[in-house]
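Colleague: Need a 3D model of the sequence below.
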Amino acid sequence: MKKIITIIILVVVGLVIYNYFFEDKARKKKEREAYESSVSYKGRQLEAREMLQRAYQAMESFNAKNYHFPRKLDSLDIPLEGTYYELRLLDVDRDGYEIRAEGDIDDDGKIDSWVVDRDGRPYNIVNDLDQ
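Modeller: Numbering: from 1, shown residues only. I've put the predicted structure just below:
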């Protein structure tokens, strides 16, 4: 009977040690990789914000010189494609415009979409990281 109790105690202690040293490390590694991936993708979203701010400044400058907004982004002296995003100009009229930066930042087939408001502040309308 003592041998059976000793074996059970050894098995339980072995499982506790295994979980402490191996399972916990594997879980922490997965959590760390998920966090690092998220931080990396959020860094990629910085590209969209910067592109939109440059486009906003270029559009406002063009309007100040020509008294109208351009119908195409090609009229501006800015890059239209980044590493992860592409700029698109939508809804141009004499009162304003909408510029979007869209891209698939994590290669999952879903688009991350940003726009710039009338004050030049970019904001995320479709977050690829939440999908």
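
Colleague: Enumerate every residue touching Ile78.
Modeller: Under the criterion of C-beta atoms under 8 Å, 6 or more residues apart in numbering, the neighbours of Ile78 are 51, 54-55, 58, 87. Where C-beta positions appear, they are placed from N, C-alpha and C, glycine not excepted.

Colleague: 7 Å instead, please
Modeller: By C-beta atoms under 7 Å, 6 or more residues apart in numbering, the contact list for Ile78 reads 54-55, 58.

Colleague: So which residues of this protein form helices?
Modeller: For the chain, applying DSSP state H gives helices covering 2-18, 24-66.

Colleague: and those helices as JSON lines, adding mean neighbour count, mean pLDDT and distance to Gly82?
Modeller: As requested, the helices of the chain are exported to JSON lines (neighbours: other C-beta atoms under 10 Å; pLDDT from 0 to 100; distance: least, C-beta to C-beta, whole Å):
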{"stretch": "helix 2-18", "mean neighbour count": "10", "mean pLDDT": "81", "distance to Gly82": "47"}
{"stretch": "helix 24-66", "mean neighbour count": "14", "mean pLDDT": "82", "distance to Gly82": "5"}
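
Colleague: With distance to Glu81 added, can I get those helices in TSV?
Modeller: Formatted as TSV, the helices of the chain follow (distance: least, C-beta to C-beta, whole Å):
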stretch	distance to Glu81
helix 2-18	51
helix 24-66	9
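
Colleague: Identify whichever of the ones you listed lies nearest to Val126.
Modeller: Taking C-beta to C-beta as the criterion, helix 24-66 is the member of the helices of the chain that comes nearest to Val126, at 11.2 Å.

Colleague: Flag every buried residue along stretch 81-93.
Modeller: Along stretch 81-93, these residues count as buried under the neighbour rule (16 or more other C-beta atoms under 10 Å): 84-85, 87, 89, 92.

Colleague: In strands, which of those residues appear?
Modeller: When DSSP state E defines the strands, the subset of the buried residues of stretch 81-93 inside them is 87, 89, 92.

Colleague: The first one: what's it in contact with?
Modeller: With contact taken as C-beta under 7 Å, 6+ apart, Leu87 is in contact with 51, 55, 73, 80, 99, 101.

Colleague: let's go with 6 Å and repeat that
Modeller: Applying C-beta atoms under 6 Å, 6 or more residues apart in numbering to Leu87 gives the contacts 51, 55, 73, 80, 101.

Colleague: Good, we can wrap up now.
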